[in-house]
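Q: what's the 3D shape of this:
(chains A, B and C)
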Amino acid sequence: MLGNFFEDFRIGQKFRHASPRTVTTGDVALYTALTGSRFAVNSSTAFARMIGFADAPVDDLLVFHIVFGKTVPDISLNAVANLGYAEGRFLKPVYPGETLSAVSEVIGLKENSNGKTGVVYVRSTGYNQNGVEVLDYVRWVMVRKRDETSPAPAPVVPSLPDALDPDALGDACPMIDRSRFDTGLSGAPHRFADYTVGERIDHVDGMTVEEAEHQLATRLYQNTARVHFNQFTEGKGRFARRLIYGGHVISLARALSYNGLANAFHIAAINGGRHVAPLFAGDTVFAWSQVLEAAEIEGRPDVGALRLRTVATKDRPCTDFPLMDEDGRYCPEVILDFDYWVLLPR
Amino acid sequence: MLGNFFEDFRIGQKFRHASPRTVTTGDVALYTALTGSRFAVNSSTAFARMIGFADAPVDDLLVFHIVFGKTVPDISLNAVANLGYAEGRFLKPVYPGETLSAVSEVIGLKENSNGKTGVVYVRSTGYNQNGVEVLDYVRWVMVRKRDETSPAPAPVVPSLPDALDPDALGDACPMIDRSRFDTGLSGAPHRFADYTVGERIDHVDGMTVEEAEHQLATRLYQNTARVHFNQFTEGKGRFARRLIYGGHVISLARALSYNGLANAFHIAAINGGRHVAPLFAGDTVFAWSQVLEAAEIEGRPDVGALRLRTVATKDRPCTDFPLMDEDGRYCPEVILDFDYWVLLPR
Amino acid sequence: MLGNFFEDFRIGQKFRHASPRTVTTGDVALYTALTGSRFAVNSSTAFARMIGFADAPVDDLLVFHIVFGKTVPDISLNAVANLGYAEGRFLKPVYPGETLSAVSEVIGLKENSNGKTGVVYVRSTGYNQNGVEVLDYVRWVMVRKRDETSPAPAPVVPSLPDALDPDALGDACPMIDRSRFDTGLSGAPHRFADYTVGERIDHVDGMTVEEAEHQLATRLYQNTARVHFNQFTEGKGRFARRLIYGGHVISLARALSYNGLANAFHIAAINGGRHVAPLFAGDTVFAWSQVLEAAEIEGRPDVGALRLRTVATKDRPCTDFPLMDEDGRYCPEVILDFDYWVLLPR
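A: Residues are numbered from 1 along each chain as shown, chains lettered A, B, ... in the order given. The predicted structure follows:
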C-alpha cells in the first residue's frame, strides 16, 4: 500500500489491478453533474438506440478514468509526473451495468540521469465482465526510486506511433444509421464532411473547478493518487495545494468541446496527451480545438474520423487560440495539449 | 453556440432543443444529495406504488430543471434576467429510465424602451420518449439585442392567467388510494382538509449553499447559462461572483417546505415565480409558505389542491414571515416569491 | 418539526420514522464519490456474485447512515451530542432497489444533574420493503429539555455489552465461496488467518473534507440535523462553523482502512463508537486500526471475524498510531474511536 518504486518494475511484468468496478447510471449521472457533458449519444438511451447502440454507452472518458484509476495503486502511487499517453483505443462500448477491470504490462523502463527517478512505460488494458477488452492504452510516468544507489536497468523505450491509423478506429462504435442521427436533437448540423483540416474552433465557455468537484470526480474513479485529496500533506508541498487530476481537465475540455463539435459523439482513440501545467481549484478552464486530420475508415460508410488537437487553458479565454509563444514554449495559461480521434456521422 | 439575441426571435418560431436526456435513479440520488428532499413519494418506490404510482416518480422540479436546461442554449444564453413563469403544468409522471426532450415556441416579443434589450416570451414543452407531453410552461426573459440600431418588432404580449384553474390540475398524478397514504411514513398527519386558506408556515430549517453544489446541480440539468460556472468572467462582472441558478433556490425552498407540508407530495402547476434577488455561494436559504387557496378538483375524490406562495430568503430565518416592507418593496433578504399548486391526499 | 425534547420521551415509546427510502445504484455511486471506497464486494456486481451474494450489496455504512438519518427528526433534532453506539448488527444484505424504513424504541432515560439535558437511549431498527430487519443498533444522545423545571423521569440505563458475541455475527453475509474470493482482484492477499490480535495498521492516506462534500453526504442520507447545513446559525454558535456529521468520519475511516484491510469486506457489527472531537471542513482525516480480537463463527467455515478498533484523526498522520496521552486523555487530533466486527474470507 506504499506503491511500487522505480526499482520494483521489470520489463514484461504484469499487474492485475484491484478493484473491479461495475459502472452504473449513478456514475453516469455524476459524470454529467461533474462535467456538464451534453453529447446526445451518452445523454439519451432513446437517441443511442435510434442510431444503433444497444443502450446509451458510458462516456468514453468515464471508462478511461475508471480503468486509469485502477492502475494508480500499482503503477503511479510514487509518480512525480504523468508524462504521456499513446495508442489509446476504445475497443468495445461499455453500457451501464457492466463491470470493468484492468491489467497493465511494463513495456519500457529508463532511469533518468539524475539517478533519483526513472520513466516507466505501461500498456494498460480495461476488460468488461466477460473478459473482453474495452480499452487499451500506453502511458508513461516518472517514478521515484526507493534507493538512489540501486543500479539502473538496461533502458528499454518502446516505439510508439504519433497517432493511430484510422483503420484501427471504430471497434467501440456499432454501425450507425446515419439517416437516423437527428442533428436537431444532437445540437448542431455539422457532420463529418463539414469540418476542414486545419480549422480551429473556440469552445467559448469557461468552467471554474472547485475542490469538492475534482475530489468527487477522482474518488468516483477510485483513483488513489495522494496529491488530489490530502491538503495536510500537499499544503506543505511544492504547490501548497491539492493538484487536480489531469483526467478531470481532459473531461472538462471534452465537455466544453460540445460547443462546435456536438456530433463528435465518440472518442475512438487517444493519440497522445500532455498535461502542460497543473490546474488548481478556483481556476477556470477554457478550451479550443484544431482539426489535424480527417479520415475515412475502411468498411465504415457510416462515420468519419477527425483527428483533433484540443488545448485547454486556465483563466484565459480561447478566442485567439493560445498555444505556444514565439520561442515555441507553451503559453503559461495552457494546461493540456490533447491529440485524439473522434467519430462523427457522415 | 453564441446563442440567440433579441432580433433572432420571431413570433411563432419553434425551437427543438438539444440534447434529449434519460433521467435515471442516478439523477434522483444526486437530486436528493443536492436538496435533501424527503417527500415519501419520490423517496420510496414502495410508498409510491402503494398509493397508485407505477414507480417512484422523478421529483417534479427535477423534471422542470431538465426541461428548462434544454431551453437555455436557444432561448436564454444572452438573457439579462429570467423575468417570470406562468401556466406551468405537470402533465404526466416521469419515471426513472424515461427520456426527456423539449420544444419551445415564441409567443411574445416586446422591445424595451432603452433599445438595448427586449422581452421574449416562450412556451416550452417537455416530452417523454413516446412524444407524450410531461410538462408545459411559459417563461419570459430579458434578452440582449445584438445590434441596438436594429428595428423593434411589433410588440406582442401574451395574456397569461395569474393562476391555473384547479380543474386543469392532476394529469401527472394517478388516482391515489388515500387509505393507503400512510401518514406515519410520509412524515406528518396533515391532509388536504387540515390546511386553512391564509395560514402561514415557517419551514424552520436553513440550508447554506456551496459553489460546488449549485454547479453540480446546474450541470446535472445540462443548463449552460454562463453566469453559473465561470468565475473568470463573472469575477469581472456586476456581482463579482457566480450567480446561483434560480431553479436551485426553488428546489431548496421546496425541500425545506417538507417541514409543514410533508404530504404535499406533488407539484401540479407553477402559477408564477419571481427571482427577487440573486443568491450567492455561502448564503443560507430559509423559506416560508402561505396557503393562498384550497380547491377540490373535479373528478378527483382522492386529492385536493393547495395554492401556495412560497417565499425564500437568504440569511434570514422566516419565523416572522418576511416579505414586503411598509412601502410594498420586497425585504432585502427575500430572493424568491413562488406561486404554485400542490396536491395532498384528502 | 421542532423535534422532541427530553421530556417528550417515555420508556417503551416507539417511533415509526419518515420517510422510507429506496436505495439505488445512484446512491452507491455517490457514496463512492464521497468516500473513495474500494472494497471489491461493494464495487463489483461480478465479484460479489462470484463469491455468493445475489448482487453487489450496498455498503454497510451507507445502510447505516440511511437508517440513522431517518431517526434524526424524531430522536436527535434537539441533541447536544451523539454519545455512543452499541449492539449494532447487520442482519440482512441490502441490494440496490430495496427500500429502507426505520423504527426506534426508547430503552433508557436519564436526566443529567444540571437539569438542562438528559440522555435518551434508543434501539433503532432498519427494515427492508418486506418488513425484514436489516440493521439493529442502540445509540444514546444527550437531548435538551424544553423546560428546565420539568421533573426528571425515573432513571433507566440499559445494560449494554462492550462487544457483540462472534456467534451473533454474519446474518447479512451469505455463505461465501472462499475459493472464489479472488485476492488478486480484491487488492490484497491477507485473509482472516493473516491478522494477529494486537497488530496495528496505519491506513496511510489522508482525505481532506470540503463543506460541499459532507453536506452532500448528509443530505443523501436525508439526515436533517441542523448543525451540518446552516452556516447562518452555526456561524453564531459554539464552533462558528458547520459541524461534519460524525457518520461521514466513520465512512472516511472505513474507506481509508482499505489500505491494510482490503479483504475485510463486510462490517458485521458495531460494538461501540465515540466521536471524540468534531471535524470541520478543510481538515484532513487519517486513520489507523488495531485488531482487538479474532474469532471464528459457529457454522461459518467460510469467514472469520476480526474485532477492530479504528481511530481517526484530523491533520495528523497515523504512522505512530496516536490515541491517548500519558494521562489517558485522547490526543487532541483524535476525532473517532470506533469498535466493530468485520468479516474476512478464511
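
Q: so for the helix ranked longest in chain A, mean pLDDT?
A: Counting residues, the longest helix in chain A under DSSP state H turns out to be helix A:60-75. Throughout helix A:60-75, pLDDT has a mean value of 98.

Q: identify each buried residue in stretch A:114-129, please.
A: Applying a neighbour-count criterion of 16 or more other CB atoms under 10 Å in any protein chain shown, one finds A:117-129 buried in stretch A:114-129. Where C-beta positions appear, they are placed from N, C-alpha and C, glycine not excepted.

Q: got JSON lines for those residues, with distance to chain C too?
A: Shown next, in JSON lines, are the buried residues of stretch A:114-129 (distance: CB to the nearest CB, whole Å):
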{"residue": "A:Thr117", "distance to chain C": "21"}
{"residue": "A:Gly118", "distance to chain C": "23"}
{"residue": "A:Val119", "distance to chain C": "25"}
{"residue": "A:Val120", "distance to chain C": "20"}
{"residue": "A:Tyr121", "distance to chain C": "23"}
{"residue": "A:Val122", "distance to chain C": "17"}
{"residue": "A:Arg123", "distance to chain C": "19"}
{"residue": "A:Ser124", "distance to chain C": "16"}
{"residue": "A:Thr125", "distance to chain C": "15"}
{"residue": "A:Gly126", "distance to chain C": "13"}
{"residue": "A:Tyr127", "distance to chain C": "10"}
{"residue": "A:Asn128", "distance to chain C": "9"}
{"residue": "A:Gln129", "distance to chain C": "5"}
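
Q: what are the ranges of the strands in the stretch 151-300 of chain A?
A: A:200-202, A:207-208, A:266-275, A:284-297, A:300-314 (DSSP state E, counting those that start in this stretch).

Q: which one of the ones you listed lies nearest to chain C?
A: Nearest of the strands of the stretch 151-300 of chain A to chain C, taken as CB to the nearest CB: strand A:207-208 at 13.5 Å.

Q: partners of the closest one in the sheet?
A: strand A:284-297 (antiparallel) (DSSP bridges).

Q: farthest pair in the buried residues of stretch A:114-129?
A: Within the buried residues of stretch A:114-129, A:Thr117 and A:Gln129 form the most distant pair, 36.9 Å apart (CB to CB).

Q: what parts of the stretch 151-300 of chain A come near chain C?
A: A:210-213, A:215-217, A:219-220, A:222, A:224, A:226, A:229-233, A:242 (CB under 8 Å from any CB of the partner chain).

Q: for chain A, what spans make up the helices?
A: All helices of chain A, identified by DSSP H, fall at A:25-35, A:40-43, A:45-51, A:60-75, A:183-186, A:211-220, A:231-234, A:246-256, A:258-261.

Q: dump those helices into CSV; add mean neighbour count as well.
A: Output for the helices of chain A, formatted as CSV (neighbours: other CB atoms under 10 Å in any protein chain shown):
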stretch, mean neighbour count
helix A:25-35, 27
helix A:40-43, 26
helix A:45-51, 22
helix A:60-75, 25
helix A:183-186, 18
helix A:211-220, 26
helix A:231-234, 19
helix A:246-256, 25
helix A:258-261, 23
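
Q: now tabulate those helices in TSV and tack on distance to C:Thr45.
A: Listed next are the helices of chain A as TSV, based on distance: least, CB to CB, whole Å:
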stretch	distance to C:Thr45
helix A:25-35	13
helix A:40-43	21
helix A:45-51	20
helix A:60-75	14
helix A:183-186	32
helix A:211-220	17
helix A:231-234	34
helix A:246-256	24
helix A:258-261	31
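
Q: which of the ones you listed sits closest to chain B?
A: helix A:25-35 (2.9 Å).

Q: show me what the closest one is packed against.
A: Contacts defined by 3 or more CB pairs under 8 Å, 6 or more residues apart in numbering or on different chains; DSSP states H and E place helix A:25-35 against helix A:60-75, helix A:211-220, helix A:246-256, helix B:25-35, helix B:211-220, helix C:25-35.

Q: re earlier: of the helices of chain A, which is nearest A:Arg309?
A: helix A:246-256 (10.9 Å).

Q: report the rounded mean pLDDT for that closest one.
A: Rounded mean pLDDT across helix A:246-256 is 98.

Q: what's the nearest residue to A:Arg300 once chain neighbours are set aside in contact with, if anything?
A: Excluding the flanking residues, the one nearest A:Arg300 by CB to CB, 6 or more residues apart in numbering or on different chains is A:Gly170, at 5.6 Å. By CB atoms under 8 Å, 6 or more residues apart in numbering or on different chains, A:Gly170 lies in contact with A:268, A:297, A:300, A:303, A:305, A:343.

Q: and the stretch 51-200 of chain A, which residues reach chain B?
A: A:56, A:184-188.

Q: mind listing what's buried in stretch A:101-110?
A: Neighbour counts over stretch A:101-110 (16+ other CB under 10 Å) mark A:101-104, A:106-110 as buried.

Q: and those, which is closest to chain C?
A: A:Ser101 (6.7 Å).

Q: tally of neighbours for the residue lying closest to that closest one once chain neighbours are set aside?
A: Residue nearest to A:Ser101 in three dimensions, not counting chain neighbours: A:Pro20, with 4.3 Å by CB to CB, 6+ apart. A:Pro20: 24 surrounding residues under other CB atoms under 10 Å in any protein chain shown.
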